[in-house]
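Engineer: got a predicted structure plus its sequence, pasted below:
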Amino acid sequence: DSGVTQTPKHLITATGQRVTLRCSPRSGDLSVYWYQQSLDQGLQFLIQYYNGEERAKGNILERFSAQQFPDLHSELNLSSLELGDSALYFCASSVAPGQAQETQYFGPGTRLLVL
Amino acid sequence: AQTVTQSQPEMSVQEAETVTLSCTYDTSESDYYLFWYKQPPSRQMILVIRQEAYKQQNATENRFSVNFQKAAKSFSLKISDSQLGDAAMYFCAYRSYSGSRLTFGEGTQLTVNP
């Protein structure tokens, strides 16, 4: 158990819908990362937050957005869902970004299926 | 942009034997970090080992060790005394010195035969 929690574990929805994925980082971690794992794209970085502020953006679609709240949990919002958005979405956390000893610990993931 | 390549989609090893998984990367940076993550059937991403590019000594963690060749931009993972529990997808990942995002390779599916 990494200490990172993600809910829900599984999500089945229809095209055009909107869903929210939730992540709670490890105790003491200030930085949260979101990654998407799909069959055709592999594992790719979406977005990073540090202490409530957006820190870095990767290959995140405009239909997707995220935020980190004062209690440091984060939510990833996916809207106007398409079949190709079906994937495993990981949240990871670390103490602080860019430091030499920084290690990202991953949550169990949320499996999203868009029908 | 950095890229990470794992040229072995699948590998297999007999229990108790040794196996090496390959990874190459492309970067123009001189300082960076490299990682191997394991993803078992549960889909959890588990850190196996990390290597700092400025360290010449290869990292080891129990039965796991790396062969880091900076000039060749190669970062292979050696698993000794393979166990059934080592069966998983293994991902090589890169992180720049000042950045935080991880760039992953395509993964290598390791099968351990009893």
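Structural biologist: Sure, I can see it.
Engineer: what's the neighbour count on residue B:57?
Structural biologist: If you count neighbours by other Cβ atoms under 10 Å in any protein chain shown, residue B:57 ends up with 8. (Each C-beta comes from the backbone N, C-alpha and C, glycine too.)
Engineer: and it, which of the three is it?
Structural biologist: Here residue B:57 is recorded as coil under DSSP: H, G, I helix; E, B strand; the rest coil.
Engineer: quick check, central residue of chain A?
Structural biologist: Chain A has residue A:34 as the residue nearest its centroid, 3.0 Å off, counting by Cα atoms, centre = their mean.
Engineer: burial of the residue nearest to residue A:51 when sequence neighbours are not counted, as a residue count?
Structural biologist: Leaving aside its sequence neighbours, residue A:51 sits nearest to residue A:30 (Cβ to Cβ, 6 or more residues apart in numbering or on different chains; 4.7 Å). Residues contacting residue A:30 under the criterion other Cβ under 10 Å number 16.
Engineer: need the contact partners of stretch A:40-54.
Structural biologist: With Cβ atoms under 8 Å, 6 or more residues apart in numbering or on different chains as the test, stretch A:40-54 has contacts from A:30-37, A:55-60, A:64, A:66-70, A:72, A:74, A:76, A:84, A:87, A:90, A:96-97, B:91, B:100-104, B:106-107.
Engineer: hmm, try it at 6 Å
Structural biologist: A:30-37, A:55-60, A:66, A:68, A:74, A:97, B:100-101, B:104, B:106 (Cβ atoms under 6 Å, 6 or more residues apart in numbering or on different chains).
Engineer: same question, stretch B:31-49
Structural biologist: Outside stretch B:31-49, the residues touching it (Cβ under 6 Å, 6+ apart) are A:106, A:108-109, B:50-54, B:59, B:61, B:64, B:66, B:75, B:77, B:88-97.
Engineer: state the mean pLDDT of it.
Structural biologist: Averaged over stretch B:31-49, pLDDT sits at 94.
Engineer: tell me, how many residues neighbour residue 42?
Structural biologist: You didn't say which chain, so I picked chain A. 14.
Engineer: nope, chain B
Structural biologist: 10.
Engineer: repeat that for residue B:111.
Structural biologist: Applying the criterion other Cβ under 10 Å, we find 14 residues in the vicinity of residue B:111.
Engineer: which SS state does it fall under?
Structural biologist: Recorded secondary structure, residue B:111: strand (three-state DSSP).
Engineer: just checking, it touches residue B:12?
Structural biologist: Yes. Counting by Cβ atoms under 6 Å, residue B:111 touches residue B:12, with 4.3 Å between them.
Engineer: how about the residues of chain A by chain B?
Structural biologist: A:42-43, A:45, A:48, A:56, A:97-98, A:106, A:108-109 (Cβ under 6 Å from any Cβ of the partner chain).
Engineer: out of those, what pair is the most spread apart?
Structural biologist: A:98 and A:108 (25.5 Å; Cβ to Cβ).
Engineer: tell me which of these two has more neighbours.
Structural biologist: residue A:108 (19 against 16).
Engineer: which ones are touching residue A:86?
Structural biologist: With Cβ under 6 Å, 6+ apart, residue A:86 has these contacts: A:112-114.
Engineer: now do residue B:94
Structural biologist: B:2, B:4, B:25, B:34, B:103.
Engineer: show me what the closest residue to the last one other than its chain neighbours bridges to in the sheet.
Structural biologist: Looking back up the chat, that one is residue B:103. Leaving out its chain neighbours, the residue that sits closest to residue B:103 by Cβ to Cβ, 6+ apart is residue B:94, at 4.7 Å. Beta-bridge pairing for residue B:94 (DSSP bridges): residue B:34, residue B:103.
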